[in-house]
Each structure stands twice: as structure tokens, then as C-alpha cells.
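Undergrad: what follows is a protein structure lacking sequence information:
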């Protein structure tokens, strides 16, 4: 089997018993499966839910709390318990585990995004197994990553994984809800997510989790768009990587998008808009070129150098996003001008408004 970089996501319902307590037998089984992948030479990143479900009973809640304060307090206790067991189990098998807690701002801030990438790469280089969870104790948006489904997709893109395995208590994606229709058919392979599935309704299948199939499909769509193959379902991890998992395989390995373009596409805040002419639109969409001052016909917003802006065509349709090399005020002075004129007016060393390496098509 070809050596892969694999991201494995395990949800709360897969790690807890019916009462909501952490099930150590389940956790141990997953640890052994992940260790087996490591022993075969694969690189492994684990996205693990379960902090809230593992902690609420320890601080006196009879069931999973519904308030934000209750969830965050439970996570503060449960995250420590979860990591304690992971670290001890992996150590017994000869592996070191590391904890990373991430929130949306860690992806939106360019510096934090790069730091997360550097940390993960260093851990993987040293043979460590990163264990990642959302930082539930400080997250201000409730359950922002949908039981870590979207977090697993974003991390997969960040580390340029070959495969994302979203393990769940359902054996894949069906054309209809199998609970409502016993004749619903399971998809074994999808090259992409069809429109009818993207618009599906779906709640969490368990009171111990927060993500339903809808959030898993959204995460799969994000990962596939980044060139990552996805599996949603059940089974032994070794079998999953050889196509024998009980679930749905999605995507076909394409070109992986670099971390900078991923950040621009998925995480950056848009600070303005640049409208361009037909020639510049053609150069960006079909020729893979950078945006030059001559193609700019209008500038909106008060952005500064390094901000991300939308790029719209003459009709106002957004065709791209990119990181600008100069401020809105400076761009207004040189919009529509030839490169030689722009350099004279601004003393710029380069006449590029958005370099193609910092430009992503919509």
C-alpha cells in the first residue's frame, strides 16, 4: 500500500457509551487502529471530538448540557480526560501524541494559520501523532465546526493530506434517510457531491454529538474541492485505505491547493472589491496571469496592502479573490494605467496588483 498522509476524524458518538461517558474500550480500539497505520509507514493526524461528552458527567450533569457555559465547562474537564487516555494509550504502543486546540480565528488570521501549519509539519516530521479538537472552552460561536467535521476538512487541506476518513456510526451516504426509507440506497463512490445531497436536511444522529450527515457532506465537499479524497463511514482503517471500508468514497485525487491559496479561499476576510475589464478577466480565468493596473476599472473599500479583496468583472460578478500588493488609495491613482506609467506615479518596484500566486478563482 502506498504510504499516505491520513487525517482521521472521530465523532463524539463513536467514543462514548449510551450514558455519555468516555468509553475506554472504544478509544483503545481506535488508538490501536491508528498505531497500526503508523507502523505501516503512514502519517496520521487525528481530529477527535468527545471533550464535552467525556466531561459533563464528571461535574454533575445528568445529561449533555444545553447551555454554552455548561458545554464549555464540560469541555474543560473532558478535554483533559480525553487527552490523558490518548497519550497513555499511544505511549504504550510506542508513539508520542500531541494536543492542538483550534478555533475559527486560528484559520482566519494569516499568521496563526501559518503557525498552525509549521507546528503540524514539525510534529509529523518527528513521528508525533497530532490530536486536534476545537477549543470548546473559548469558542464564541457555538459548535462552529459541526462536531469537528469541517475542522477535519480544513486541517486536511492545511497539511495536504491524501485522504480524510470521517468515521461515524452510519455506514456511508444514502440517497435518502435510511431511517425514513428502509429502501434507501447507499452510495459506494461519488466523484463529487451531487446538488441534491448538498441541500439535504439532517440533524445529529446522537444526543452526544453535534454534527449530522449534513455537516459531514459539507466537510467532504470542502475537502474534495481542495483535492483530497474522502471516506465517510465505518470499518478498519487499513481496509478503508485499500477501498474496502463500509461507507462512501468521494473524490478523485487532484492537484492539492497550496496553503496560501487555501487561506485566501476559505478563511480570509474580504476588505474590498476591485472591478476589472474583459481583458483582465480573460487573463485571470484562462491564462493564469496576475492582475495588473491596466485591467482595473473601479476600486471599492478602504483596504490596505496585504488585505484580501474580491475581484469582479464588468457586470459585477465575483470571479476571484486575492491578496493585494498595494492600498486602495494607491490603486485608485494607477487604475487603468499601463505598467510603465504606474511605476512612475507610485515608485513601485513591481506593477502587479494581485500576483497569480495570491489569486484564487471563484
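TA: Looks like it came in fine. Quick caveat, the model's predicted, so the values are computed rather than measured. Numbering: from 1, shown residues only.
Undergrad: would you map out the domains in the protein?
TA: Domain assignment for the chain by automatic domain parsing gives 5-261, 269-361.
Undergrad: and the longest one, how far out from the chain's middle?
TA: Taking CA atoms, centre = their mean, to the nearest Å, the mean C-alpha location of domain 5-261 is offset from the chain mean by 10 Å.
Undergrad: ok, back up a step: generate TSV for the domains of the chain, with mean neighbour count and mean pLDDT as supplementary columns.
TA: Heads up, the C-betas are built off the backbone N, CA and C, glycines and all. Output for those, formatted as TSV (neighbours: other CB atoms under 10 Å; pLDDT from 0 to 100):
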stretch	mean neighbour count	mean pLDDT
domain 5-261	19	87
domain 269-361	17	91
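Undergrad: so who does the closest residue to residue 192 other than its chain neighbours touch?
TA: Leaving aside its chain neighbours, residue 192 sits nearest to residue 224 (6.3 Å; criterion: CB to CB, 6 or more residues apart in numbering). Neighbour list for residue 224: 192-193, 230, 250-251 [criterion: CB atoms under 8 Å, 6 or more residues apart in numbering].
Undergrad: which residue ranges of the stretch 51-200 of the chain form helices?
TA: 51-55, 68-92, 104-108, 110-125, 149-158, 195-198 (DSSP state H, counting those that start in this stretch).
Undergrad: and residue 333, how far is that from residue 299?
TA: Applying CB to CB, to the nearest Å, the value for residue 333 to residue 299 is 10 Å.
Undergrad: scratch that, residue 324
TA: 10 Å.
Undergrad: overlap of the contact sets of these two?
TA: 274, 331.
Undergrad: what ranges do the strands span in this structure?
TA: Taking DSSP state E to define them, one finds strands in the chain at 5-10, 43-48, 97-102, 129-134, 163-167, 189-190, 229-234, 246-250, 270-276, 296-301, 308-312, 318-323, 359-361.
Undergrad: paired strands for the first one, with orientation please.
TA: By that I understand strand 5-10. strand 43-48 (parallel), strand 163-167 (parallel) (DSSP bridges).
Undergrad: same check, this time on the third one
TA: Listed by DSSP bridges, the sheet partners of strand 97-102 and their directions read strand 129-134 (parallel).
Undergrad: what of the shortest one?
TA: Strand 189-190 pairs in its sheet with strand 246-250 (parallel), by DSSP bridges.
Undergrad: the strand it pairs with to strand 229-234, inter-axis angle?
TA: Orientation check (axes from the mean of the first three to the mean of the last three CA atoms, to 10 degrees): strand 246-250 against strand 229-234 gives 160 degrees.
Undergrad: contacts for strand 246-250 next, please.
TA: For strand 246-250, the external contacting residues (CB under 8 Å, 6+ apart) are 171-173, 186-193, 220, 224, 229-235, 240, 243.
Undergrad: apply 7 Å and report the result again.
TA: By CB atoms under 7 Å, 6 or more residues apart in numbering, the surrounding residues in contact with strand 246-250 are 171-173, 186-190, 193, 220, 224, 230-235, 243.
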